[in-house]
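Trainee: Using only what follows, build the 3D model:
(4 chains)
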There are 4 protein chains.
Amino acid sequence: MIDQDVIAQSNEALVGALAQDYASLGERLARRGVEIDALKARARAFAVAVPSWGTGTGGTRFARFPGAGEPTSIFDKLDDCGVIQSLTQATPSVSLHIPWDKAEPADLTAKAEELGLRFDAMNSNTFSDTEGEYSYKFGSLSHTEAATRAQAIEHNLECIEIGQKIGSKALTVWIGDGSNFPGQSHMGRQFERYLGAMKEIYKGLPEDWRIFSEHKIYEPAFYSTVVQDWGTSLLTAQELGEKAMCLVDLGHHAPNVNIEMIVSRLIHAGKLGGFHFNDSKYGDDDLDAGTIEPYRLFLVWNELVDAEGTPGLDLAHMIDQSHNVTDPIESLMISAMEIQRAAVQAGLVDRVALAGYQDENDALMASATLRAAFRTDIEPILAMARLEAGGAIDPVATYRRSGYRAQVAAKRPAVRGGGGGIV
Amino acid sequence: MIDQDVIAQSNEALVGALAQDYASLGERLARRGVEIDALKARARAFAVAVPSWGTGTGGTRFARFPGAGEPTSIFDKLDDCGVIQSLTQATPSVSLHIPWDKAEPADLTAKAEELGLRFDAMNSNTFSDTEGEYSYKFGSLSHTEAATRAQAIEHNLECIEIGQKIGSKALTVWIGDGSNFPGQSHMGRQFERYLGAMKEIYKGLPEDWRIFSEHKIYEPAFYSTVVQDWGTSLLTAQELGEKAMCLVDLGHHAPNVNIEMIVSRLIHAGKLGGFHFNDSKYGDDDLDAGTIEPYRLFLVWNELVDAEGTPGLDLAHMIDQSHNVTDPIESLMISAMEIQRAAVQAGLVDRVALAGYQDENDALMASATLRAAFRTDIEPILAMARLEAGGAIDPVATYRRSGYRAQVAAKRPAVRGGGGGIV
Amino acid sequence: MIDQDVIAQSNEALVGALAQDYASLGERLARRGVEIDALKARARAFAVAVPSWGTGTGGTRFARFPGAGEPTSIFDKLDDCGVIQSLTQATPSVSLHIPWDKAEPADLTAKAEELGLRFDAMNSNTFSDTEGEYSYKFGSLSHTEAATRAQAIEHNLECIEIGQKIGSKALTVWIGDGSNFPGQSHMGRQFERYLGAMKEIYKGLPEDWRIFSEHKIYEPAFYSTVVQDWGTSLLTAQELGEKAMCLVDLGHHAPNVNIEMIVSRLIHAGKLGGFHFNDSKYGDDDLDAGTIEPYRLFLVWNELVDAEGTPGLDLAHMIDQSHNVTDPIESLMISAMEIQRAAVQAGLVDRVALAGYQDENDALMASATLRAAFRTDIEPILAMARLEAGGAIDPVATYRRSGYRAQVAAKRPAVRGGGGGIV
Amino acid sequence: MIDQDVIAQSNEALVGALAQDYASLGERLARRGVEIDALKARARAFAVAVPSWGTGTGGTRFARFPGAGEPTSIFDKLDDCGVIQSLTQATPSVSLHIPWDKAEPADLTAKAEELGLRFDAMNSNTFSDTEGEYSYKFGSLSHTEAATRAQAIEHNLECIEIGQKIGSKALTVWIGDGSNFPGQSHMGRQFERYLGAMKEIYKGLPEDWRIFSEHKIYEPAFYSTVVQDWGTSLLTAQELGEKAMCLVDLGHHAPNVNIEMIVSRLIHAGKLGGFHFNDSKYGDDDLDAGTIEPYRLFLVWNELVDAEGTPGLDLAHMIDQSHNVTDPIESLMISAMEIQRAAVQAGLVDRVALAGYQDENDALMASATLRAAFRTDIEPILAMARLEAGGAIDPVATYRRSGYRAQVAAKRPAVRGGGGGIV
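Mentor: Numbering: from 1, shown residues only, chains lettered A, B, ... in the order given. Predicted structure coming up:
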């Protein structure tokens, strides 16, 4: 954990300027009819879950280059998540991945409580062979063999079981099932097998749980993927029932696709369940949220803020990234804050004016209204929200000053990189 | 019309070699357990509708370069469609576009009967201002103004009315509605307005008619499009009712999207209504079917042949292309034959073997099974089917020999090209 | 022209808040070691050329929906450009398109002088048929026929001739030449014909002129384009000689392409000549600069500011857009200001810190350094620069208040929309 | 090795039908003025190198699912390559990857000789950490640290050294260097460091060697890649000198890019060195050549056959694939034969007719001329060429019958799959 003194000292050096900036921003916003404290409240209410697996250094099929002090167990990972939360005050929950994070449920909840964390959606893994008898080389929930499907179903039910013991309320199902060549799989029958398996899992879902269907256009399958887009995800959620919702990962779309529009359509259909946030330029690059195309992230949040109050809309926000060249803790802090920034900026949109411009087809002023919100530098609001919640004004600088990474590097065993063979 | 003697003379020179090729192909197919006459029957049963507007030279926003003998009325266009059908025997119907093709219904049916043609789906136009009082600059069926929506609804109802008089049984609705800038339109309310308008049109649909919803990712709108993908098209068809189906235009997708998979999903959902065939490399290029990525066309047909016999599956096949650098009649003949080729080749797939390989996850042999069908040169089957139906063995050569283009060029007024200003 | 009183009145209402905002921003920047007046000087030094054709409403191949008061001659267009410059003080020059803007050179210079404008690069048009004997249907500078190429060369030489009389110093050559089908053109010989023609034009280039080669991946050609990417543009500039440079249009690339990297490579090669600014989501959408992906625009400017002082680097900045749903004057003002914003924000990057992070492979802080600059709301700097130069603090509001559009609509003849036939 | 008897027995069952098919195809081709034996000669002259690493099962960043009998050393891999060559007679050489394939050179050449193989281009690996002192986490030849660059240079020089001892004549350099975030690397200085390092390697190139520069748009770097496209690859080859050439991997391009056009441009520039063949639908999918978009492969070969005889054109053809769901030996055989098919079909194009259509801008017939060649089923030519060279008429069936995989599975140790952690 980060010593409260380190946070306090870091903040002390910055608090004067922050107070000044917050006041001056408050004045400017007031001139626009915006109450800065309402935005600060929005910032404080914001929360996004951290993926346990994101605390380790990721990699590509070519190689993985670990850093110092890599977490070696779920408890190490929770420690790292605790650091992120203590500094940003924006990530109160953690999303687990089974079997990677398997442990005694009581130990998990005890550790989480100690760190002030709780558990978000559970994630199952049927895209790599684990301890099971049957291989997922040719699929899992949509496999041609009933036994393999049964194993995958069983695994998902186990995830629910674990989740129930640690306070989770949702299961996210992402499968890599698909095919690499035209003809390899019968696309219709494969989808039916998938739906059949999902129905079995759905049956095992507790009353107050939800199941999230996550689509992805490609990878690891390179010709077809069973749940390739939001259309198929929607069909799935429709066939399963009202506890089934669609989850949107920002990096899982074809090039050029308008993601905020998909968000709007899923809201219309009553099937938007949540997000996996990250950013990307080419494929499922899993880069830090808001670092490649920040306006796109803002436009997604513009839809979400616009839809606030929609009956039944209850979104699960999670980060899902791979940190290959940065300290994962730093990337997760930056990402959480960039998502929070977009959420608060979207709260700043003058929606009355916007609706007026839209009604009059004043495209120029409507568009300018969104940009005016996006352009506003609300960093003082985010920093003040963190400060008031006990976090750091500048989380990255504070983290670096704390020496946390060096401390865990001294304690945790070194991890060798991988790569070679997979080309 | 093409003189029957010209066709006969053209065929005479080729029929000997064709008979030989047909026989030798028959032997080779027999060795693979395939009955060539069954494939010929498939070729003869094949039909795709020609779009009336495709008989004129198309253009881009930069310019339009007309050719000689451009049709100047729907009756000219029908003449050209008659030529295409008489030579290919694969295009017995024509799809009209209102208001471009407006004429006395009795005259239309008389002309069609004379040419041996019938009328396929009707197409409405609310993407350019026509004779209406209200402009479609900012949308049509989804416009913010009720009066504009009413005008667009009225226009669609008129298309149905005309269609009923000429024997059509379907209305295809494609709208360009969308927005060019983030914020210009409220995406949720815009979609609701669209659905509301479509419901009005749906009410006017005769009992034995269908309405096709056609999606397109972009153009003419460049930031968002109301019916941007098959997911939104599906939502639309679901909300309208059982006479509403989805129409897939091969060029209306994001880059890299697996179109045959969308076909499979729409079949699963019971909502596949038909196709607009063409080919493309970049955007909605509207190039001749089968000229850019012929294997993709085959894979689409592979899904269709596989699904033959699915209850309720009754597909409307249409060409939708823009012919900028070729004689439109030639491009339409080539396209019809390439679509027919894919349909017949898909009929050649050894589906028993394929299913076996799929069940065993023998990706290599499953994929090879499709390629074996695609690789088979079934040109003699197509040519024989044409010959037996009274068409030309080599439609393009016969058309050129006929001198049809020069004849109509002599009769039809010259058309000036356009361009300039639209950059 | 906009009445100076209207500008003065508009500014008066805003100047108090502006002074306050400028001062408070100055303090915040000073804390970061940045001198606000240096940034204001950067804003004042900024200039981007307005395309004469951009003052008219654009369109798509489906339709064109003109607005009120469309300019009907180059003199009308210059009036509109004068409005843009008088309000934004960021667009002192106009780029002409021949033959659209053909007029007596003396009249052009007189008019420009009256409006305080000068002429930027000349643009030739060989992508639509104009007054020439030979059609450009199958190409212009790369046409198979020598006579057609000669006509296109002659047209470019005429553009230079006109340009010389009005003070231009550069010719931009963009051709739509290419092919719609595999095989249509021999790609190697076509390129050689293009190079041969360009060499003829190059010979006619005055000593102090430059020629810009502009690439584009597709449209109006849909299978191949002669100058399809920066690689071919570079080859062209290399073969022509040192007065030949490459021009980058932000919308002319394949999906996902890293444009700022192309900028960096062309700077390395000593061949970056300038830009056509705009924004896009799908294809060559020609939307207002900075409205779709503003961070991309900033990243391009980050390269340009970084390269300031590179020997021989002398860039021509132009806007190239199509305004389909907005008042073109407003869109051009917004675009000029968004480009200026990116230029000034890029001037705010802490390059010493950035270089340090880059040297240490501190990816997180390097990336954060760019975002810190991008996030800074420098609107007060732009507004103050405009105010001090005699422009408007809020150009769009001032323009609307001025009633200019209504005035010219009363004077200029109404223009009919187009569309129909081109599908 | 495959027992010659197995090959003979397999062939015996097929040779009768083959002779018949070959004869009947010969007649049909003769009617088109094509000499079948000339095409067979083209098939026999064809050769493509097999990548040693392709004989093992590949994987994605999510998992790797090995098959039975995975090769565990370069000698196992050479055995597998020997099988591929003995059955297809189209892959007489092997391309090695250092350090994966490091072994005593004399042992390598002895083994190759025994198998009737030779060694093609050498491949260096600086995209994963190997035995070196310095990590490639932040780059190799373009790294900010001189020591890391020196290590990478040294490794490349060692590859040349090994290559010289085993008869190789070329070094292929592909680096994953780039950045994951805007700002992480200074793109200009990074490229200069890369060029500096390449010049050091170039100095060590023997007189009769060539060095291939291979571009790739992204992966493993996800924001920018140093050699991102053919433009940068060309700049590199130009700066290095005449022994430096560009290598085109079919899967390394942005979506929609016209690859055959890049081939044409590199031929024009005198800088085309060779290919890495494979197929892809989304990213660098590394799927079996000709299985996703076979017409694209044909169009590439159309350029190559067209350019035959160009002075200095001497191409290195290699396969570069990842086999995740098939037996790698089967995929490599299929790929070699599909590439060979495209090469022979391209030899069938009526180039005189094509040139005529191109000169007359007869786009329709020019395009049809290419399709006529592509459509011709030349399988009997390929099979006859294999048969006459001592290979198998049906390599996959023969391989399966041989029981080779089961034999090596019995001998080679089982390999565990990977995955987990890298998400």
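
Trainee: Measure how buried A:Gly417 is and give me the count.
Mentor: Close neighbours of A:Gly417, defined as other C-beta atoms under 10 Å in any protein chain shown, add up to 17. (Glycine included, C-beta is placed from N, CA and C.)

Trainee: hey, where'd the strands end up in chain A?
Mentor: Taking DSSP state E, the strands of chain A run over residues A:50-51, A:63-64, A:93-98, A:118-124, A:170-173, A:178-179, A:210-214, A:224-225, A:244-249, A:272-277, A:316-319, A:418-419.

Trainee: Rebuild those strands as a markdown table, extending it with mean pLDDT, distance to chain D and mean neighbour count.
Mentor: Shown next, in a markdown table, are these (pLDDT from 0 to 100; distance: least, C-beta to the nearest C-beta, whole Å; neighbours: other C-beta atoms under 10 Å in any protein chain shown):
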| stretch | mean pLDDT | distance to chain D | mean neighbour count |
| --- | --- | --- | --- |
| strand A:50-51 | 98 | 8 | 28 |
| strand A:63-64 | 93 | 3 | 24 |
| strand A:93-98 | 97 | 8 | 24 |
| strand A:118-124 | 97 | 9 | 25 |
| strand A:170-173 | 98 | 13 | 25 |
| strand A:178-179 | 98 | 8 | 26 |
| strand A:210-214 | 98 | 13 | 23 |
| strand A:224-225 | 98 | 9 | 24 |
| strand A:244-249 | 98 | 12 | 25 |
| strand A:272-277 | 98 | 11 | 26 |
| strand A:316-319 | 98 | 12 | 23 |
| strand A:418-419 | 60 | 3 | 20 |
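
Trainee: Dump those into TSV; add distance to B:Glu35 as well.
Mentor: Formatted as TSV, the strands of chain A follow (distance: least, C-beta to C-beta, whole Å):
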stretch	distance to B:Glu35
strand A:50-51	57
strand A:63-64	54
strand A:93-98	54
strand A:118-124	48
strand A:170-173	45
strand A:178-179	30
strand A:210-214	44
strand A:224-225	31
strand A:244-249	46
strand A:272-277	51
strand A:316-319	56
strand A:418-419	54
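
Trainee: Need those strands in a markdown table (columns: distance to chain C).
Mentor: Listed next are those as a markdown table, based on distance: least, C-beta to the nearest C-beta, whole Å:
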| stretch | distance to chain C |
| --- | --- |
| strand A:50-51 | 16 |
| strand A:63-64 | 16 |
| strand A:93-98 | 21 |
| strand A:118-124 | 24 |
| strand A:170-173 | 27 |
| strand A:178-179 | 21 |
| strand A:210-214 | 22 |
| strand A:224-225 | 19 |
| strand A:244-249 | 17 |
| strand A:272-277 | 16 |
| strand A:316-319 | 15 |
| strand A:418-419 | 18 |
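
Trainee: For chain B, find the nearest of these.
Mentor: Closest approach to chain B among the strands of chain A is made by strand A:224-225 (5.2 Å; C-beta to the nearest C-beta).

Trainee: which residues does A:Gly390 contact?
Mentor: A:7, A:86, A:89 (C-beta atoms under 8 Å, 6 or more residues apart in numbering or on different chains).

Trainee: For burial, what's the neighbour tally of the second one?
Mentor: Neighbours of A:Ser86 under the rule other C-beta under 10 Å: 25.

Trainee: Which single residue of the stretch 1-150 of chain A ends up nearest chain C?
Mentor: Counting by C-beta to the nearest C-beta, the stretch 1-150 of chain A gets nearest chain C through A:Ser24, at 4.6 Å.

Trainee: which non-adjacent residue is nearest that residue?
Mentor: Nearest residue to A:Ser24, sequence neighbours excluded (C-beta to C-beta, 6 or more residues apart in numbering or on different chains): C:Ser24, at 4.6 Å.

Trainee: That neighbour contacts A:Ala23, doesn't it?
Mentor: No. Contact criterion C-beta atoms under 8 Å: C:Ser24 and A:Ala23 do not qualify, at 9.5 Å.

Trainee: Who has more neighbours out of the two?
Mentor: C:Ser24 (18 against 13).

Trainee: Read off the pLDDT value for A:Gly421.
Mentor: You'll see A:Gly421 listed with a pLDDT of 39.

Trainee: To clarify, my last question referred to A:Asp129.
Mentor: So A:Asp129 comes in at 77 (pLDDT).

Trainee: ok, so what distance separates it from B:Asp327?
Mentor: 58 Å (C-beta to C-beta, to the nearest Å).

Trainee: Same question for A:His97.
Mentor: The separation that A:His97 has from B:Asp327, given C-beta to C-beta, amounts to 60 Å.

Trainee: Next: A:Ala244.
Mentor: With C-beta to C-beta as the criterion, A:Ala244 and B:Asp327 are 53 Å apart.

Trainee: What sits closest to the residue of chain A found nearest chain C if chain neighbours are left out?
Mentor: Nearest to chain C, among the residues of chain A, is A:Pro255, at 3.9 Å (C-beta to the nearest C-beta). Leaving aside its sequence neighbours, A:Pro255 sits nearest to C:Pro255 (C-beta to C-beta, 6+ apart; 3.9 Å).

Trainee: How about A:Gly167?
Mentor: A:Phe119 (5.4 Å).

Trainee: pretty sure that neighbour contacts A:Lys165?
Mentor: No. In this structure, A:Phe119 is not within contact of A:Lys165 by C-beta under 8 Å, at 9.6 Å.

Trainee: Touching both of those two, which residues are there?
Mentor: Contacts common to A:Phe119 and A:Lys165, judged by C-beta under 8 Å, 6+ apart, are A:Thr109.

Trainee: ok, for the residue in the stretch 1-150 of chain A positioned nearest to chain B, nearest residue in space, not its chain neighbours?
Mentor: Closest approach between the stretch 1-150 of chain A and chain B, counting by C-beta to the nearest C-beta: A:Phe138, at 4.1 Å. Among residues not flanking A:Phe138 along the chain, B:Asn361 sits closest, at 4.1 Å (C-beta to C-beta, 6+ apart).

Trainee: Can you tell me how far the one you found is from A:Pro206?
Mentor: In terms of C-beta to C-beta, B:Asn361 sits 34 Å off from A:Pro206.

Trainee: the more surrounded of those two?
Mentor: B:Asn361 (19 against 13).

Trainee: do you know how far the more buried one is from A:His155?
Mentor: 20 Å.
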